[in-house]
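# Just a sequence and a predicted model for now, questions to come.
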Amino acid sequence: MSQDRSETPRADCLVDEEGRLTATVRLPGAAHPGLLLRPRPKKGGPQEPGHRLELRPLAEHHWRAVLEPAPLLAEGRWDAYLLEGPGDEGERLRPGLLDLRALQRGRTPGRTPTPLAVRVPYTTRDGFLAVRTWLRAPHAEVDALRVRDDAMTVRGRLFGARLADGATVRLVRRGADRAVRESPLHHDGGHGFSLTADYRDLLDERGTGGGGRPAYWDLHLHLAPDGPRARVGRLLDDVAERKSVFVYPSTDLDGTPVRPYYTVDNDLAVVVGGA
Amino acid sequence: MKISFLIHNAYGIGGTITTTFNLARALADRHEVDIVSVFRHRETPVLTPDPRVRLRPLVDLRHEEDHPDRLRPARVFPSAEGRYGQYSALTDRRIGGCLAGSDADVLVGTRPGLNVHLALQSPPHAVRIGQEHLTFDHHSPRLRTALRRAYPRLDALTTVTEADAAAYRRKARLPGVRVEALPNSVPDPALPPSDGGAHTVVAAGRLVHVKRYDLLVAAFAAVVAEYPDWRLRIYGGGEEHDRLRTLIEKLGLYDNVFLMGAATPMEAEWVKGSIAAVTSDFEPFGMTIVEAMRCGLPVVSTDCPYGPAEIIADGVDGRLVPVGDRDALSAALLGLVRDDEARRRMGRAALDNSRRFAPGPVVAQAERLFEELLAARASGRPAAPGRTGHVLSGRGHAAKDSALVAASGVLRTLRKAGR
């Protein structure tokens, strides 16, 4: 009888309010073990070098590594490997208990360093430990979203910058068929904002993205006409993959369904047409 | 002692698997323990058994799905059992062979059909213990009749609640069989408990109708109306998923109520909440109630048969509300949402009061039971005195079930004839 699963090393992870990640691994017998976070390469891209952390003895058979808030990790997905010693290729770690309750408390714009760095440990589909990271400056965080009267209204907060008059929201249609819709942004002169996207503005002459295929619109805040822009997304809790958990209602517009959704990167988008 | 558990499928996920693994782990401190899984459908179990506990499958569905004996019906495993369709001549033979050759001192069955195997096929030296993880009343009259016939050959039958033990004593008539409630245990949590501060209600279980998450979502609408920053997270998967999603949309709760998918272990998820909710129409035990309490959450639960009222002290470490009563559920949730101090106080009480379900006390009770039964078997004494007092009422229930079985047999015949 194989006992793979229980013998595979597991890491308990704790993330605190500053984003510090503490990993504890039970490991009988090791000399100088390390924990390697290896960035998952983009499709067709090269394997970048990973970020190695020292595992220090904590108690008998227990080792601990701490990923401090600095240095910042690039945005993406990092697979966790256990290195038993120097020169070791590494073995993928499985998740133990992931104590992410501090992430649920969110962040406050005025008291959060820029760029905004987010780290959420999670379990990959095949059962291994990985860390989802975001690095944004500025970032527009969705706090609430309502769908009503053929439109969606988003309430949120801007991190890493202040809002001033002239700020707008732009919806940009993805792909070769690029198109832009711009509308004013309501803000409180500080970090709070609200925006309304009228679904009818997203219908073109063919109803959708053309050819019956759905069209996808991404949302950005533009702080000034030529100023920096912030992607609108929802990053500040413990949910690494939001798409199937935060599901918004679909609105039927003369036979064309329109629905806000979160992308695989937890950014907000609107899909027009399709199923 | 050498202790062997017999379970339907240890490689999946579910309350019986969890509680069997928990008990096996705790017993493994002092005893030799193995778990025999009738079926195996994947390489590694979803839940992790203790490395000291040997796991042994009898039928590997990955290679033996098409075994010719799987087409021949089971004769030992009772046909009235819910899982009968998965059992066959092959399982009869493998289980029978495994039991006959077992050198375990104590054999423990974990569902009615397997308890019947144990009753009929265990070697003479072994103590036979049937575990009931559901309830007597929940079974069909046909199954109850089959159990009345086979269970007298058990040494003991354990139920998960006192209420169900009482039902077995009153209605099953098992002279010489010791009937005792042995609650499920929940391991000591590794994480610090919830601090009661999060504005999150957590529920967990399979998304099936009996769990009544529809009622929970509807009741939570009243919480959101008053406290829009409160969230409800429901963990689990199942056939009700899409219906619940539709209900959440219909009530406009898509930014407050979340279907999180299955999570194991749940411990890290419980501690993110400050209240737990159980809204079932029926809970043979209520494992999630104990899990949540052990993480420091007060639990708002329906007072359904049988478990909740034996776990929760209403108003002390949680709330009990009538089954199916949405308004009562809303009121109980709101009571705890509104009152931070009461929520924290009841959370602390939940932490204290749920220690009786720690592996320590539960495994001590199991060990005592096993040892007494072993001693009785060695000396040739019956495990429990043949009871005479309840025989008449037991006979009454047996007669009623026989009549129901006969009547349903007639109905089936009529239905077949009508086709």
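Perfect, I can see it now.

# what about the helix or strand hosting A:Val147, near chain B?
Using DSSP states H and E, A:Val147 falls within strand A:139-148. Yes. Counting by C-beta under 8 Å from any C-beta of the partner chain, contacts between strand A:139-148 and chain B involve A:Ala144, A:Leu145, A:Arg146, A:Val147. All C-beta spots, glycine's among them, are computed from the backbone N, C-alpha and C.

# same for that strand, what does it pack against?
Contact partners of strand A:139-148 among helices and strands, from 3 or more C-beta pairs under 8 Å, 6 or more residues apart in numbering or on different chains; DSSP states H and E: strand A:151-159, strand A:215-222, strand A:229-233.

# what lines up beside that strand in the sheet?
Applying DSSP bridges, strand A:139-148 is found paired with strand A:151-159 (antiparallel), strand A:229-233 (parallel).

# just to revisit the earlier point, let's see if you can find the most crowded of the residues of strand A:139-148 next to chain B.
Of all those, the highest neighbour tally under other C-beta atoms under 10 Å in any protein chain shown goes to A:Val147, namely 20 neighbours.

# Quick check: residues of the stretch 51-200 of chain A near chain B?
For the stretch 51-200 of chain A, the residues in contact with chain B (C-beta under 8 Å from any C-beta) are A:Leu97, A:Leu98, A:Asp99, A:Leu100, A:Arg101, A:Gln104, A:Ala144, A:Leu145, A:Arg146, A:Val147.

# before we move on, back to that, with mean pLDDT added, can I get the helices and strands packed on strand A:139-148 in CSV?
Putting these into CSV (pLDDT from 0 to 100) gives the following:
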stretch, mean pLDDT
strand A:151-159, 97
strand A:215-222, 96
strand A:229-233, 97
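
# What sits closest to A:His32 if chain neighbours are left out?
Residue nearest to A:His32 in three dimensions, not counting chain neighbours: A:Gly85, with 5.6 Å by C-beta to C-beta, 6 or more residues apart in numbering or on different chains.

# before we move on, what about B:Gly360?
According to C-beta to C-beta, 6+ apart, the nearest residue to B:Gly360 is B:Ala26 (7.6 Å).

# That neighbour falls within a helix, correct?
Yes. Using DSSP: H, G, I helix; E, B strand; the rest coil, the assignment for B:Ala26 is a helix.

# can you give me phi and psi for A:Arg107?
Backbone torsions for A:Arg107, taken as degrees, to the nearest 10, come to phi -140, psi 170.

# could you pull out the strands for the stretch 301-419 of chain B?
If DSSP state E, counting those that start in this stretch is used as the criterion, the strands of the stretch 301-419 of chain B fall at B:318-321.

# re the thing from before, indicate which one of the helices and strands packed on strand A:139-148 is closest to A:Pro9.
Closest approach to A:Pro9 among those (C-beta to C-beta): strand A:229-233, 32.9 Å.

# can you list the residues of chain B near chain A?
Contacts of chain B with chain A, taken as C-beta under 8 Å from any C-beta, map to B:43-45, B:48-51, B:54-57, B:190-191, B:194, B:198, B:200, B:245, B:249, B:252, B:254-255, B:258-261, B:265, B:267-268, B:271-272.

# Quick check, pLDDT for residue 138.
Going with chain A. Looking at A:Pro138, its pLDDT reads 95.

# Please refer instead to chain B.
On the pLDDT scale, B:His138 gets 92.

# what do you get for A:Val247?
At A:Val247, the predicted lDDT confidence score is 97.

# ok, it - how many residues close by?
Look at A:Val247: counted by other C-beta under 10 Å, it has 18 neighbours.

# OK, contacts around it?
A:Val247 makes contacts with A:Tyr261, B:Arg245, B:Tyr254, B:Leu259, as judged by C-beta atoms under 8 Å, 6 or more residues apart in numbering or on different chains.

# Over to B:Arg83?
Going by C-beta under 8 Å, 6+ apart, B:Arg83 touches B:His8, B:Phe77, B:Arg111, B:Gly113.

# how much space between the third one and B:Glu371?
Using C-beta to C-beta, to the nearest Å, we find B:Arg111 at a distance of 24 Å from B:Glu371.

# Between those two, which is the more surrounded one?
More crowded of B:Arg111 and B:Glu371, by other C-beta under 10 Å: B:Arg111, with 21 against 14.

# B:Thr16 is in contact with that one, correct?
Yes. The pair B:Arg111 and B:Thr16 qualifies as a contact (C-beta atoms under 8 Å) at a distance of 6.9 Å.

# Need the overlap of contacts for the two.
B:Ile7, B:His8, B:His133.

# Make a markdown table out of the residues you listed and add neighbour count and secondary structure.
Below are the shared contacts of B:Arg111 and B:Thr16 laid out as a markdown table (neighbours: other C-beta atoms under 10 Å in any protein chain shown; DSSP: H, G, I helix; E, B strand; the rest coil):
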| residue | neighbour count | secondary structure |
| --- | --- | --- |
| B:Ile7 | 25 | strand |
| B:His8 | 19 | strand |
| B:His133 | 20 | coil |
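
# how far is stretch A:36-44 from where the chain is centred?
16 Å (C-alpha atoms, centre = their mean, to the nearest Å).

# Buried ones in that stretch, by neighbour count?
A:Leu36, A:Leu37, A:Arg38, A:Pro39 (16 or more other C-beta atoms under 10 Å in any protein chain shown).

# which ones are touching the spatially most central residue of chain B?
In chain B, the residue lying closest to the centroid (C-alpha atoms, centre = their mean) is B:His133, at 4.2 Å. Shown in contact with B:His133 (C-beta under 8 Å, 6+ apart): B:Gly15, B:Thr16, B:Thr19, B:Thr110, B:Arg111, B:Val160, B:Pro284, B:Phe285.

# Closest to B:Arg72 out of those residues?
Here the nearest of those to B:Arg72, counting by C-beta to C-beta, is B:Arg111; it sits at 21.4 Å.

# still on that earlier bit, what's the pLDDT at the residue nearest to A:His32?
In this model, A:Gly85 carries a pLDDT of 77.

# now it: how far from chain B?
24 Å (C-beta to the nearest C-beta, to the nearest Å).

# quick one: the helices in the stretch 1-150 of chain A?
Counting by DSSP state H, counting those that start in this stretch, the stretch 1-150 of chain A has these helices, from start to end: A:4-7.

# The closest residue to A:Val66 other than its chain neighbours: how many residues sit nearby?
Counting by C-beta to C-beta, 6+ apart, A:Thr22 is the residue found nearest to A:Val66 once chain neighbours are left out, at 5.2 Å. Residues within reach of A:Thr22, counting by other C-beta under 10 Å, total 16.

# Thanks a lot, catch you later.
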